[in-house]
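[1] pasting a predicted model and its sequence here:
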Amino acid sequence: MKVAIVTGGNKGVGFGICRGLAKVFNGDVLLTARNEERGMNAVKELEKEGLTVKFHLLDIDDPKSVAHLAGFIKGKYSGIDVLVNNAAVAFKQAATEPFGVQAKVTIATNYFSVQDCCNQLFPLLRSGARVVNVSSMAGYLGLIKGADLKAKFATSGSTLTYEVLDGLMKDFVDSANAGDHAAKGWPNSTYVVSKVGLSAMTRIQQQKVSEDSNLKDVAINHVHPGYVDTDMSSHKGTKTIDEGAKSALFAATLPPNTDVKGKYIWSDCQILDWVNGPIPGNWN
Ligand code: NAP
């Protein structure tokens, strides 16, 4: 039996992705959430629409929770066919926490926790698997203005390693705490840095799986859902969650032997140059 896993599936774009997968995926769709009640309510909501998904608890910030899911998947499915890393956090504009605190929390979840999920779940990827990292318009490399910094992110292959990228993320958190992040070329948004980090990580991940002789045709891409009407956007986004799910569903269902690998996929499913752009002007 094939299995597709979606993190943060109880609401917003993740819920839209679960709904879309439930319609087209030939296997079990696992809607995961960090809160059982919220997750089960989402499952029931889809049941009312005649769609079937299964629930599993998953808090991406808790390595034990991730390990528990990995054990369950190994026992029940013995592999993973689709993994959508959707769960993320964003402080509101009006948040009063100091910038350094926001940086620590945002980078921890949106970058390091996603990395931990991948580290624990990737050993289960089957040949032909599709992994979708839900990045953002905010994950576009052009938002890093410091030329030296940008050049570091832009490198791929053996130059940009997990160690180097982790170091960049830690440097941002330290700089945010010290208050000299802008002078070092970092943007004034913890969310932007977390998503640029996730997008850069996607490129490393694709490189690694492509080099793995035990895995064939695994595609790992990073997507921008558009500006979506969810709690995260304080419901200012203009797209519905189903419209927002479109690019993730495209990346999750890429056909066999696709050459869409390690790519930055916009909300309308066009493939953009993450390093040099351009990106659409309206960002939607
Ligand atoms: P949302 O409505 O705030 O939903 C976020 C989801 O992530 C919720 O299910 C939340 O669970 C879950 N989550 C957060 N931390 C988690 C953790 N530690 N473990 C497990 N689940 C966790 O946000 P959204 O707008 O749907 O965003 C979905 C994705 O799209 C995110 O990656 C976001 O960055 C990206 N994105 C959104 C927009 C937009 O306009 N909305 C634009 C670009 C990119 P709880 O319900 O338990 O909090």
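    Yep, it's here. Keep in mind the model is a prediction, meaning the values are calculated, not measured.
[2] who's in contact with residue 236?
    Contacts here follow Cβ atoms under 8 Å, 6 or more residues apart in numbering; on that basis residue 236 touches 227, 229. Heads up, the C-betas are built off the backbone N, CA and C, glycines and all.
[3] strand partners (parallel or antiparallel) of the top strand by length along the chain?
    Ranked by number of residues, the top strand in the chain under DSSP state E is strand 125-134. Strand pairing for strand 125-134, using DSSP bridges, gives strand 80-85 (parallel), strand 219-223 (parallel).
[4] the ligand contacts on this protein?
    Taking Cβ under 6 Å from any ligand atom as the contact definition, the chain meets the ligand at 7-8, 10-14, 33-35, 38, 58-61, 86-89, 109, 134, 136, 224-225, 227-228, 230-233, 237.
[5] can we see that at 5 Å?
    Within the chain, the residues that sit near the ligand (Cβ under 5 Å from any ligand atom) are 8, 10-13, 34-35, 59-61, 86-88, 134, 136, 225, 227-228, 230-233, 237.
[6] can you turn the buried part of those residues into a ChimeraX selection?
    Here is the ChimeraX command that selects the buried residues among those (16 or more other Cβ atoms under 10 Å):
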select :8,10,11,12,13,34,59,60,61,86,87,88,134,136,225,227,228,230,232,233,237
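[7] model confidence over whatever helix or strand comes next after the longest strand of the chain, on average?
    Beyond strand 125-134 in the direction of the C-terminus, DSSP states H and E gives the next helix or strand as helix 147-154. Model confidence over helix 147-154, given as mean pLDDT, is 95.
[8] please state the offset of helix 147-154 from the chain centre?
    When C-alpha coordinates are averaged (Cα atoms, centre = their mean, to the nearest Å), helix 147-154 and its chain have centres 21 Å apart.
[9] run through the helices of the stretch 151-284 of the chain in chain order.
    Ranges of helices in the stretch 151-284 of the chain, per DSSP state H, counting those that start in this stretch, are 162-178, 190-211, 241-244, 246-252.
[10] of those, which approaches residue 28 most closely?
    For these, proximity to residue 28 was assessed by Cβ to Cβ; helix 246-252 is nearest, at 13.8 Å.
[11] what's in contact with the closest one?
    Residues lying outside helix 246-252 but in contact with it, judged by Cβ under 8 Å, 6+ apart, are 4, 13, 17, 20-21, 24-25, 82, 84, 86, 130, 132, 134, 219, 221, 223-226, 260, 265-269.
[12] so which of the strands paired with strand 125-134 is the most surrounded?
    Stretch with highest mean neighbour count among those: strand 219-223 (a mean of 28; mean count of other Cβ atoms under 10 Å).
[13] what residue ranges in the stretch 151-284 of the chain are flagged as low confidence?
    Applying pLDDT under 70 to the stretch 151-284 of the chain picks out residues 156-158.
[14] pLDDT on stretch 51-64, on average?
    If you average the per-residue pLDDT over stretch 51-64, you get 98.
[15] hang on, the earlier thing: could I get the average pLDDT for the longest strand of the chain?
    Looking at strand 125-134 alone, the average pLDDT works out to 98.
[16] thank you, goodbye.
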